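Novice: next input, structure requested:
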Amino acid sequence: MTPRIAQTQDEQAACFETLHSLRPHLTREAFLQRVRAQYADGYRLACIERGGRVVAVAGYRMGRNLAWGKFLYVDDLVTHPDHRSEGLGATLLSWLQQRAREHGCQQLHLDSGQQRLDAHRFYKREGLAITGHHFAIVLDTG
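Specialist: Next up is the predicted model:
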């Protein structure tokens with residue numbers, strides 16, 4: 001049950017079903033297009049498989065900024081609904097923390113929607129703290 005990075009486009013595509021439960025607005029084609037573009041910028045998908053099927057996925061990237069120094073940012077963290085409460089999310093989060101340490105990151109960060117109360121309980125149980133609010137605006141690009 002060790003996470004691995006989805007290297008090929010087929011391996012990345014295999015992550016869609018599970019990730020779709022977190023990002024239901026994405027079609028398979030939009031997902032693949034975004035993942036390919038994000039991979040060029042350092043984004044990676046880590047996944048756990050069971051029985052030849054991806055059952056947990058974490059999308060992450062590393063970066064640097066003045067506030068945090070070098071950090072690992074978790075964009076996506078989801079377990080397939082059929083496999084929740086089996087320790088897969090904790091396994092991925094632990095793997096991400098180890099990966100961050102190996103790459104010299106001082107911190108790990110993620111955002112979570114206000115409505116995701118079960119996720120918040122999980123993050124707190126795993127030692128993460130709520131440290132701020134995230135603000136956003138949709139920009140008119142037309």
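Novice: any idea which residue is closest to the centre of this protein?
Specialist: Geometric centre of the chain, nearest residue: D76, 2.6 Å, by CA atoms, centre = their mean.
Novice: now do the buried residues in stretch 127-139.
Specialist: L128 (16 or more other CB atoms under 10 Å). (Glycine included, C-beta is placed from N, CA and C.)
Novice: hmm, who's touching it?
Specialist: With CB atoms under 8 Å, 6 or more residues apart in numbering as the test, stretch 127-139 has contacts from L108, L110, D111, H120, K124.
Novice: my guess is the second one meets H120, correct?
Specialist: No. Contact criterion CB atoms under 8 Å: L110 and H120 do not qualify, at 10.9 Å.
Novice: which residues are common contacts for the two?
Specialist: With CB under 8 Å, 6+ apart as the test, L110 and H120 reach no residue in common.
Novice: now stretch 15-35: average pLDDT?
Specialist: Here stretch 15-35 scores 96 as its mean pLDDT.
Novice: quick one: end-to-end length of it, please.
Specialist: Start-to-end span of stretch 15-35 (CA to CA, to the nearest Å) is 10 Å.
Novice: list the buried residues for it?
Specialist: C15, F16, T18, L19, H20, L22, L26, F31, L32, V35.
Novice: kindly report the same for stretch 60-76.
Specialist: Y60, M62, F71, L72, Y73, V74, D76.
Novice: quick one: least confident of these?
Specialist: Lowest confidence among the buried residues of stretch 60-76: D76, with 95.
Novice: quick check: that residue touching L26?
Specialist: No. Using CB under 8 Å, D76 is not in contact with L26, being 10.6 Å away.
Novice: the strand of greatest length in the chain pairs with which strands, and in what direction?
Specialist: Using DSSP state E, we find that the single longest strand of the chain is strand 53-65. Using DSSP bridges, strand 53-65 pairs in its sheet with strand 44-50 (antiparallel), strand 69-79 (antiparallel).
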